[in-house]
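Colleague: With the sequence up front, the predicted model follows.
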Number of protein chains: 2
Amino acid sequence: MGKDKQKKKQRKIKKLVEEDENNIIDDGNHLVQSVEKLQELQEELEKINEEKSVELLKVEQKYNRIRKPVYERRTNIIRDIPAFWSTAFLKHSILGGLVSTEEDHKIFKFLSSITVEQSEDVKSGYTIIFDVEPNVYFENRKLWKTYTFLEENGHTKITISSIQWVDDKGVDDDSFFRWFNEVNEHDEIGEAIKDLWCDPLSCFHHEENEEGGDDVAVKDSKDEVVEDTEDQEQDI
Amino acid sequence: MGKDKQKKKQRKIKKLVEEDENNIIDDGNHLVQSVEKLQELQEELEKINEEKSVELLKVEQKYNRIRKPVYERRTNIIRDIPAFWSTAFLKHSILGGLVSTEEDHKIFKFLSSITVEQSEDVKSGYTIIFDVEPNVYFENRKLWKTYTFLEENGHTKITISSIQWVDDKGVDDDSFFRWFNEVNEHDEIGEAIKDLWCDPLSCFHHEENEEGGDDVAVKDSKDEVVEDTEDQEQDI
């Protein structure tokens, strides 16, 4: 009987150990299943986000179409205002500071128009175009720079018109126009020109301050600035 | 007759001068009119942009509603995975590096859930919520921080739950949890937690490299990187 008791006890222990092992295996399976379900949900969320992007893009495209004729009317009106674009450009808080050489100021007198064209599908980029009157500096009548946002790797491809300088005129290192020959820096200039394009009139109207400064009315910064604090816990 | 001729000539000159003056005045009027028309068009563009913003917001809201039940299912599944959020948080490329003290690592063991809630109207902000198990460090069971984007001035109001520390435990200057008591810095942490919220599984799965490094799979940077150049002029 003593032996039987011992055997019974051993069987019991064995059973407990097996149960424990099964539990661990079950837990493992359960964990794998949870992670798999999580993966499926993540894919579902990504699909939802893609659908959202498509819908947002359609809205952007729709309003681009709505804005286009308004911009065309604007371009026509601007033609009647002497030196509108060069004035607005030189008064822009960021852009004005980039035009520092005497040569540049002379070249800007030949600027007849600035245009920003969104690419057909909006999200894939934009082109900046400068129309210039015949001048002694370069042979181009149009200078342009195109930013193409590449979906596959998140990078931006930049293509340029490349300035054909006459007798190396204006190729000064400090010249703003070097930007049209460069593809590897000052990308924020493109964004600043887009900003100018959105509201050139506010730059055109801007009066320089007494220090000849650059206090162009810049839109409210969206930088996060901390305000009030409520330091009481709150149900959410 | 000589006098007559002279008078006639003077009248002619007077007329020309008057015409010139009128032209100048006309030109001035014309310029004023052009600028006024430009102002009207600018207002038209702003109205279009406002309509676009409303439409974009509606799309965001719609997809927020679609995502909500998916996130809720995700939260339920995550409950079955031990230490999911703390593991994902500590492996996140930016967030992990902020949890450096021994105390912080102990506190993170009590983290049961992280939630990011978009505000009702989406554009006005979001709340980050940490659910924590009872612990010896602080009395709160919920830590939260709310970012409210203020439309009127472009600023962000930050409200916080404020941690009730037990016996000044964990108030070390280097503690990550100080962030919950602060309203004036490290705002990028909120954005990083939103990033974690969007895809915590990729952080959870991330294996640290041999140097114990932080090579978490970060999404493709959208920084502009210059690629090819075409330096031939092109008709546009």
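Modeller: Right, received. Where do you want to start?

Colleague: what ranges do the strands span in chain A?
Modeller: Assigned by DSSP state E, chain A shows strands spanning A:111-118, A:125-132, A:142-149, A:156-160.

Colleague: nearest to chain B, of those strands?
Modeller: Chain B sits nearest to strand A:156-160 of all these, at 4.1 Å, using CB to the nearest CB. All C-beta spots, glycine's among them, are computed from the backbone N, C-alpha and C.

Colleague: just checking, what packs against the closest one?
Modeller: strand A:142-149 (3 or more CB pairs under 8 Å, 6 or more residues apart in numbering or on different chains; DSSP states H and E).

Colleague: Listing partners with orientation, what would you give for the strand it packs on?
Modeller: Under the criterion DSSP bridges, strand A:142-149 sits next to strand A:125-132 (antiparallel), strand A:156-160 (antiparallel) in its sheet.

Colleague: I'd like the mean pLDDT over the last one, please.
Modeller: To tie it back to what came earlier, the one meant is strand A:156-160. The average of the pLDDT scores along strand A:156-160 is 89.

Colleague: Pull the distance from that strand to the chain's centre.
Modeller: Its chain's C-alpha centre and that of strand A:156-160 lie 14 Å apart, by CA atoms, centre = their mean, to the nearest Å.

Colleague: For it, list every residue counted as buried.
Modeller: A:156, A:157, A:158, A:159, A:160 (16 or more other CB atoms under 10 Å in any protein chain shown).

Colleague: In this structure the fourth one contacts residue A:146, no?
Modeller: Okay, so that is residue A:159. Yes: using CB atoms under 8 Å, residue A:159 is in contact with residue A:146, at 4.6 Å.

Colleague: wouldn't residue A:196 be in contact with residue A:91 here?
Modeller: No: checked against CB under 8 Å, the pair residue A:196 and residue A:91 is beyond contact range at 9.5 Å.

Colleague: Can you work out which residues contact both of the two?
Modeller: By CB atoms under 8 Å, 6 or more residues apart in numbering or on different chains, residue A:196 and residue A:91 have these common neighbours: residue A:203.

Colleague: who has more neighbours, the two?
Modeller: residue A:196 (25 against 21; other CB atoms under 10 Å in any protein chain shown).

Colleague: Show the backbone phi and psi for residue A:120.
Modeller: Phi and psi for residue A:120, reported as degrees, to the nearest 10, are phi -40, psi -50.

Colleague: now it: how far from residue A:102?
Modeller: 40 Å (CB to CB, to the nearest Å).

Colleague: same question, residue A:8
Modeller: 105 Å.

Colleague: Ok, residue A:4 next?
Modeller: In terms of CB to CB, residue A:4 sits 111 Å off from residue A:102.

Colleague: How about residue A:29?
Modeller: Counting by CB to CB, the gap from residue A:29 to residue A:102 is 77 Å.

Colleague: With residue A:77 instead?
Modeller: Residue A:77 is 31 Å from residue A:102, by CB to CB.

Colleague: same thing with residue A:79?
Modeller: From residue A:79 to residue A:102 the distance is 27 Å (CB to CB).

Colleague: Just want to know which of these two has more residues nearby.
Modeller: residue A:79 (12 against 8).

Colleague: check contacts around the more buried one.
Modeller: Counting by CB under 8 Å, 6+ apart, residue A:79 has contacts A:112, A:113.

Colleague: for it, phi and psi?
Modeller: Dihedral angles for residue A:79 - degrees, to the nearest 10 - are phi -60, psi -30.

Colleague: can I get the strands of chain A in TSV with distance to residue B:202?
Modeller: Below are the strands of chain A laid out as TSV (distance: least, CB to CB, whole Å):
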stretch	distance to residue B:202
strand A:111-118	33
strand A:125-132	28
strand A:142-149	23
strand A:156-160	25
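
Colleague: can you give me the helices in chain A?
Modeller: With helices called from DSSP state H, chain A shows them at A:2-78, A:84-91, A:102-108, A:187-198, A:200-205.

Colleague: The fourth one vs helix B:2-78, what angle?
Modeller: Computed with axes from the mean of the first three to the mean of the last three CA atoms, to 10 degrees, the direction of helix A:187-198 lies at 120 degrees from that of helix B:2-78.

Colleague: near chain B at all, helix A:187-198?
Modeller: Yes: using CB under 8 Å from any CB of the partner chain, helix A:187-198 reaches chain B at A:187, A:198.

Colleague: what's in contact with that helix?
Modeller: Residues contacting helix A:187-198 (CB under 8 Å, 6+ apart): A:88-89, A:92, A:94-95, A:98, A:114-116, A:126, A:128, A:145, A:147, A:156, A:158, A:179, A:203, A:219, B:45, B:224, B:226.

Colleague: buried residues in that helix?
Modeller: Neighbour-count burial for helix A:187-198 [16+ other CB under 10 Å]: A:187, A:189, A:190, A:192, A:193, A:195, A:196, A:197.

Colleague: nearest to chain B, of the residues you listed?
Modeller: residue A:187 (4.6 Å).

Colleague: Any figure for the gap between that closest one and residue A:158?
Modeller: 8 Å.

Colleague: what does residue A:107 give?
Modeller: 22 Å.

Colleague: Residue ranges in chain A under the pLDDT threshold?
Modeller: By pLDDT under 70, the weakly predicted segments of chain A are A:1-3, A:13, A:16-27, A:122-123, A:170-171, A:184-186, A:208-236.

Colleague: Let me see the domain layout of it.
Modeller: Domain segmentation of chain A under automatic domain parsing yields A:1-80, A:82-214.

Colleague: Would you mind telling me which of the ones you listed is nearest residue B:61?
Modeller: Comparing the domains of chain A against residue B:61 with CB to CB, the closest turns out to be domain A:1-80 (10.6 Å).

Colleague: chain center to the closest one, what's the gap?
Modeller: On CA atoms, centre = their mean, the centre of domain A:1-80 falls 28 Å from the chain's centre.

Colleague: can you pull the contacts of residue A:174?
Modeller: Taking CB under 8 Å, 6+ apart as the definition, contacts of residue A:174 comprise A:100, A:101.
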